[in-house]
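Chemist: Below is the sequence, then the predicted model.
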Amino acid sequence: MPGTPEQPRILDGIRVVELTDFVAGPFAGRILSDFGADVIKIEPPRGDSARRRGPFAHAAPHRETSALFLHYNTNKRGLRLDIGTRAGLRLLNTLLDDADVFLSDLEPSELERYGLTTVREGRPSLIVASITPHGLHGPAVDLPSTPYTRMHGAGTAHVLVRGLGADLGKPLPTGAYVNEADGGTACAIATLAALIARGPDRGMGDGQVAEVSVLEAMSSLDRVELSISRNDAPGRPMGRRGLFGGRLKCKDGYVICAMPQPHQWAGMVHAMGDPDWALDDDGNPVQRSDENAEMLFKNLSAWCADHTREEIYRSAQSRGAPVGPIYSPSEVMASEQEAARGFFRPLDHEVAGTLQYTTTSALYSQAAPPPNAAAPLLGEANGHLLAPSLGDGWSAATARRAGVA
């Protein structure tokens with residue numbers, strides 16, 4: 001069973017200063033914050049660019065209600081800071097003096113501009129987790145890019161042509177910046193590994209730079225290629241040896257079928273009630289040879305069309321055939337399985353209101369579950385975080401007027 005709130009979290013006591021924007025870096029920070037790290041998210045005066053991207057929680061766009069920002073920045077403390085000013089850069093360095101991790105998506109030229117290339121000097125225990133489109137070295141490090149150019153540069157959009165984009169005859173990009181999140185996942189893993197290598201004591205040294213290329217993460221975590229190799233487009237048999245299946249229409253939507261093993265195909269035949277067309281003269285499941293594939297696929301499709309997703313799923317799964325329903329996002333959020341695990345949770349936000357959020361997919365038996373804080377308002381923690389560093393006569397308001405925050 002998962003741990004209780006009274007237990008410590010995996011990363012209790014770890015402080016992360018996050019200077020990242022949009023999706024990849026913020027998702028890395030969110031993973032660390034879900035594990036209990038104290039993540040201080042630094043935003044420029046205008047805020048993270050995700051704040052200006054929809055969809056928004058309400059009809060009128062507002063910087064505090066972007067679903068993109070809200071999702072990738074839960075459980076963080078928010079600091080508005082202009083590191084382009086001398087005072088702002090000094091405050092960043094003050095924060096780094098007490099940090100375990102500096103999570104940054106600044107490219108080499110930007111690190112040079114802000115004087116942060118030597119950020120580890122005098123901070124031997126600091127881990128610099130760098131997440132950039134192309135890493136920190138190589139001929140492409142400072143080339144401009146966008147989520148779409150990175151997706152195509154990683155080959156991710158091209159592999160969709162084999163299945164979902166087969167009729168288009170050209171690469172098909174995915175939506176929702178899902179590939180950018182791959183980069184964030186890779187960076188969080190790299191950061192955790194660097195923390196393990198350093199050990200728990202930030203005063204003992206052994207920090208290092210862990211650099212992640214978002215484009216490389218997209219290529220190495222390309223789930224689409226793996227899935228389409230078995231789950232091909234509807235309306236045609238799959239692959240060699242008649243291994244057909246894929247997306248099949250049923251009474252109330254679609255199911256996905258992938259039956260590469262003979263015993264799985266036999267289970268599907270039994271799930272369908274052992275119809276004559278699926279059996280040979282000896283009463284065994286018909287071999288899925290190339291000559292039989294079209295007939296079998298046609299009849300399998302017709303059988304699915306006469307049944308509901310739940311009927312097909314329950315019957316096939318009970319007989320060892322890996323068939324599953326295709327759910328919409330709202331149906332996933334209503335899943336009994338996810339409710340049992342507490343994967344979705346309501347969080348209250350001062351402006352956006354109460355919304356459902358995903359939590360971490362990892363649960364630990366000896367650690368507390370993730371904290372339950374919505375994404376911060378822009379500059380929400382300025383007063384608390386800047387007060388010790390601003391000195392007498394300064395406040396969050398005077399710092400804002402001076403262009404620092």
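Modeler: Cool, got the structure. Numbering: from 1, shown residues only.
Chemist: as a whole number, average confidence for the one helix or strand Pro388 maps to?
Modeler: Assigned by DSSP states H and E, Pro388 belongs to helix 382-390. Helix 382-390 shows a mean pLDDT of 82.
Chemist: Now do it: everything it contacts.
Modeler: Helix 382-390 has contacts (CB atoms under 8 Å, 6 or more residues apart in numbering) with 40, 77, 79-80, 90-91, 94-95, 394-396, 398-400, 405. The way it works is simple: take the backbone N, C-alpha and C, and place the C-beta from them, glycine included.
Chemist: and Glu110, what helix or strand is that in?
Modeler: Using DSSP H and E, Glu110 falls within helix 108-113.
Chemist: got the CA coordinates for that helix in PDB?
Modeler: Extracted C-alpha coordinates of helix 108-113, given in PDB (Å, rounded to 0.1, in the frame of the first residue of the first chain):
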ATOM      1  CA  PRO A 108      25.200  28.100 -24.100                       C
ATOM      2  CA  SER A 109      25.000  31.600 -25.500                       C
ATOM      3  CA  GLU A 110      22.400  32.600 -22.800                       C
ATOM      4  CA  LEU A 111      24.600  31.200 -20.000                       C
ATOM      5  CA  GLU A 112      27.400  33.300 -21.400                       C
ATOM      6  CA  ARG A 113      25.300  36.400 -21.600                       C
END
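Chemist: Go through that helix and flag the buried ones.
Modeler: Buried residues in helix 108-113, counting neighbours by 16 or more other CB atoms under 10 Å, are found at 108, 110-111.
Chemist: now stretch 177-194
Modeler: Under 16+ other CB under 10 Å, the buried positions of stretch 177-194 are 177, 179-188, 190-192, 194.
Chemist: So if we follow the domain assignment, how does this structure break up?
Modeler: Domain assignment for the chain, taken from automatic domain parsing, gives 15-225+335-401, 230-326.
Chemist: Just give me the lowest mean pLDDT stretch among these.
Modeler: Ranked by mean pLDDT, those bottom out at domain 230-326, which scores a mean of 86.
Chemist: what about it, distance to the chain center?
Modeler: 32 Å (CA atoms, centre = their mean, to the nearest Å).
Chemist: State the next helix or strand along the chain beyond the helix holding Pro388.
Modeler: For helix 382-390, the following helix or strand on the C-terminal side (DSSP H and E) is helix 396-401.
Chemist: could you say what helices and strands that next one packs with?
Modeler: Of the remaining helices and strands, those touching helix 396-401 by 3 or more CB pairs under 8 Å, 6 or more residues apart in numbering; DSSP states H and E are helix 382-390.
Chemist: sec struct for the closest residue to Gly153 other than its chain neighbours, please.
Modeler: In this structure, Gly153 finds its nearest non-sequential neighbour in Leu215, 5.4 Å apart by CB to CB, 6 or more residues apart in numbering. Three-state assignment for Leu215 (DSSP: H, G, I helix; E, B strand; the rest coil): helix.
Chemist: Just give me the closest of the contacts of helix 382-390 to Ala129.
Modeler: Nearest to Ala129 among the contacts of helix 382-390: Ile40, at 13.8 Å, using CB to CB.
Chemist: quick one, the helix or strand harbouring that closest one and helix 382-390 angle?
Modeler: Element membership for Ile40, per DSSP H and E: strand 38-43. Here the directions of strand 38-43 and helix 382-390 differ by 90 degrees (axes from the mean of the first three to the mean of the last three CA atoms, to 10 degrees).
Chemist: Which strands or helices does the helix or strand just after strand 38-43 pack on?
Modeler: Using DSSP H and E, the next helix or strand after strand 38-43 towards the C-terminus is helix 67-72. Identification of packing neighbours for helix 67-72 by 3+ CB pairs under 8 Å, 6+ apart yields helix 24-34, strand 353-358.
Chemist: Save these as CSV, and put in mean neighbour count too.
Modeler: Below are the helices and strands packed on helix 67-72 laid out as CSV (neighbours: other CB atoms under 10 Å):
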stretch, mean neighbour count
helix 24-34, 28
strand 353-358, 14
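Chemist: burial of Ala352, as a residue count?
Modeler: Per other CB atoms under 10 Å, the neighbour tally for Ala352 reads 21.
Chemist: who's in contact with it?
Modeler: Neighbour list for Ala352: 57-58, 64-65, 70, 374 [criterion: CB under 8 Å, 6+ apart].
Chemist: could you dump those residues to TSV with neighbour count and distance to Pro260?
Modeler: What follows is the contacts of Ala352, written out as TSV (neighbours: other CB atoms under 10 Å; distance: CB to CB, whole Å):
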residue	neighbour count	distance to Pro260
Ala57	18	43
His58	12	47
Glu64	21	48
Thr65	21	45
Leu70	22	40
Ala374	22	43
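Chemist: For the helix holding Pro388, list every residue counted as buried.
Modeler: By neighbour count, and taking 16+ other CB under 10 Å as the criterion, the buried residues in helix 382-390 are 382, 385-386, 389-390.
Chemist: got JSON lines for the contacts of Ala352, with distance to Ile14 too?
Modeler: Below are those laid out as JSON lines (distance: CB to CB, whole Å):
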{"residue": "Ala57", "distance to Ile14": "30"}
{"residue": "His58", "distance to Ile14": "35"}
{"residue": "Glu64", "distance to Ile14": "27"}
{"residue": "Thr65", "distance to Ile14": "30"}
{"residue": "Leu70", "distance to Ile14": "23"}
{"residue": "Ala374", "distance to Ile14": "21"}
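Chemist: circling back to that earlier point, of the contacts of helix 382-390, buried ones?
Modeler: Buried, going by 16+ other CB under 10 Å: 40, 77, 79-80, 91, 95, 396, 399-400, 405, out of the contacts of helix 382-390.
Chemist: Could you single out the nearest of those to Ser361?
Modeler: Distances from Ser361 to those, taken by CB to CB, are shortest for Arg77, at 23.5 Å.
Chemist: Contacts only, for the closest one.
Modeler: Neighbouring residues of Arg77 by CB under 8 Å, 6+ apart: 38-41, 376, 380-381, 384-385.
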